[in-house]
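Undergrad: have a look; sequence and predicted model below, questions after that.
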Amino acid sequence: MAKPHFIHRIVGILRTLRWRRVKRASAKWTPDTPQVRHQLFSAPVCPTGRITGQSAGVISLAGRRIQYAVDIGFETTPEGTPHHAGVRGWALDLDRFEPAGTLCLTAQSGHREHLLPDQPRGDALSAVRVPEPKRKQALLCGFSGYLSDAGEKVTLELELDGSRHKIGIGHPHPPQILKGHNGWLFLAGDSNDSPRQFTGDHSPSEGWKRSWDCYTRALERLRDSGSGGKICFVIAPSKESLFPDYYPLPRGTQTPLDSLMARHGTLPELYYPVDVLAPVRELSYDPVETHWTDFGARMVCQEIMHKMDGHNPSLPLQFRMPYVSGDLGWKSVPPLRTYRPTASWPNPSTVIFDNYVLHHGRIRIHSNPKAPRKQTYLLFGGSSAEHMERYLSAIFARVVYVYSAGSWDPAILEHERPAFTILQSSERFLTRAPEPEIDVSRIVANKLSDGRVTKNGVRQELMAEWNDSSVAFYLEMG
């Protein structure tokens with residue numbers, strides 16, 4: 001298939017693209033240098049560590065009441081030896097509402113550094129509930145700095161007027177991020193062991209084969225039944241698959257994706273969109289986040305819509321460039337940020353339901369009376385599918401998103417009778433097949449009984465606001 005005109009435009013721009021550092025709220029690209037550059041790291045990448053002791057609390061120091069919080073991270077050498085320690089924190093006098101004290105760092109070798117409070121920390125003002133007239137004087141209460149040659153532990157103390165309070169000892173965690181080339185970060189230390197998946201030799205077990213055979217047979221039955229309309233099972237690529245040249249470890253001989261494609265790659269519903277994302281990979285992903293960007297999600301949505309039904313309007317192509325962190329950047333001390341292409345256009349759709357369940361079992365429904373396609377689109381996916389909601393709801397009258405990582409609920413399919421259904425999972429989850437059929441109402445009930453929701457304390461009030469008659473089925477789930 002020929003590339004759409006806009007892709008040719010974007011690829012042409014990329015040849016002369018750079019990110020220009022401007023205000024954090026917004027950034028724009030300008031065509032005056034030969035390659036994409038994410039302005040990122042002026043300091044070592046220090047994945048978060050742990051503190052034995054009280055990393056946050058309220059203490060009495062030099063006769064004053066002080067509230068504080070401290071984080072620590074350790075940069076490691078390629079050999080795994082801790083090197084620099086990155087530290088950030090804040091301390092506020094609870095009576096005067098002003099910055100309080102100096103943070104003292106002592107390395108294993110005895111080397112010492114002192115960090116003065118000179119960083120703005122709006123989160124501290126909220127934590128302490130600083131009154132409005134005092135917020136300006138309290139804002140610069142943050143510490144941020146580095147201790148070179150930290151070794152395996154760092155002693156942290158808060159010092160004020162000659163008195164000291166020992167906060168605790170900082171130690172390195174097993175790394176949760178890998179620092180790649182050109183400053184790109186990659187996932188590590190996750191339950192799926194992403195680095196080993198990429199570098200190893202996946203020999204599929206009989207159990208792995210059976211589970212994927214079961215899933216694909218169920219997928220074929222779903223297709224033949226017509227209850228899900230047209231079906232697509234899309235696998236969001238791991239970042240290292242698109243950036244093997246940036247990844248710090250060599251690719252192995254066979255990944256779980258290779259095994260899946262060798263066994264089920266001819267299944268027409270199976271789609272791995274690396275071919276669409278690779279030409280614009282530095283817009284589709286960014287250095288400090290695991291998941292694809294809004295730009296990447298748009299590319300995938302457009303291609304899936306074409307595969308399912310070629311007669312579709314083009315999706316919006318407007319973005320702003322905020323300077324933000326991500327799920328990898330936040331695992332560093334201090335957090336690392338970059339510019340990210342984020343959808344920025346007036347979307348006429350409205351969220352008419354959200355059950356505010358945390359992760360699995362989350363349900364969100366969009367309604368768009370002005371949509372050019374008067375049909376229902378169903379998304380059974382994970383975090384990457386959340387980036388797809390905004391685009392699909394611009395085209396379709398009803399979009400229902402269910403966090404299920406590629407599993408589907410027959411009851412929801414029967415209720416919605418969608419024209420199209422996307423099942424989305426991620427490459428790093430391919431070490432096991434999704435469960436083909438699930439009961440979302442049971443998952444929601446378990447989450448609610450455990451209090452695993454995103455709006456604790458106000459959820460019932462928010463749920464009472466959903467009064468569209470088309471969501472009664474979901475309100476009955478709790």
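TA: That came through, no problem.
Undergrad: can you map out the strands along the stretch 201-350 of the chain?
TA: Taking DSSP state E, counting those that start in this stretch as the test, the strands found in the stretch 201-350 of the chain are 230-236, 270-271, 319-320, 323-324, 338-339, 342-343, 350-354.
Undergrad: deepest in the core, which of the ones you listed is it.
TA: By mean neighbour count, with neighbours taken as mean count of other C-beta atoms under 10 Å, strand 338-339 ranks first of the strands of the stretch 201-350 of the chain at a mean of 24. C-beta: built from backbone N, CA, C; applies to glycine.
Undergrad: which secondary structure elements does that one sit against?
TA: strand 323-324 (3 or more C-beta pairs under 8 Å, 6 or more residues apart in numbering; DSSP states H and E).
Undergrad: what mean pLDDT does stretch 169-176 get?
TA: Stretch 169-176 carries an average pLDDT of 89.
Undergrad: which positions in it come out as buried?
TA: Under the neighbour-count criterion of 16 or more other C-beta atoms under 10 Å, stretch 169-176 has I169, G170, H171, P172, P175, Q176 buried.
Undergrad: which ones among the residues you listed lie within helices?
TA: Within the buried residues of stretch 169-176, no residue falls in helices by DSSP state H.
Undergrad: dump the residues you listed to TSV, plus distance to V333.
TA: Listed next are these as TSV, based on distance: C-beta to C-beta, whole Å:
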residue	distance to V333
I169	16
G170	10
H171	13
P172	11
P175	13
Q176	12
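Undergrad: Serialize the strands of the stretch 201-350 of the chain to TSV and add fields for mean pLDDT and distance to E98.
TA: Output for the strands of the stretch 201-350 of the chain, formatted as TSV (pLDDT from 0 to 100; distance: least, C-beta to C-beta, whole Å):
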stretch	mean pLDDT	distance to E98
strand 230-236	97	47
strand 270-271	97	57
strand 319-320	94	36
strand 323-324	94	29
strand 338-339	94	33
strand 342-343	94	36
strand 350-354	97	40
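Undergrad: nearest approach to L160 belongs to which of the ones you listed?
TA: strand 323-324 (33.7 Å; C-beta to C-beta).
Undergrad: does the residue lying closest to R112 once chain neighbours are set aside belong to a helix or a strand, and which?
TA: The spatially closest residue to R112, leaving aside those adjacent along the chain, is T106, at 4.9 Å (C-beta to C-beta, 6 or more residues apart in numbering). According to DSSP states H and E, T106 maps onto strand 102-107.
Undergrad: same for the very next helix or strand once past that strand, what does it pack against?
TA: With elements assigned by DSSP H and E, the helix or strand that comes after strand 102-107 is strand 112-115. Under the contact criterion of 3+ C-beta pairs under 8 Å, 6+ apart, strand 112-115 touches strand 102-107, strand 142-147.
Undergrad: neighbouring contacts of the helix or strand just after strand 112-115?
TA: The first helix or strand that comes after strand 112-115 along the chain, using DSSP H and E, is helix 122-128. Applying C-beta atoms under 8 Å, 6 or more residues apart in numbering, the contact partners of helix 122-128 are Q67, A69, W90, L92, L94, F97, R135, A138, L139, C141, G142.
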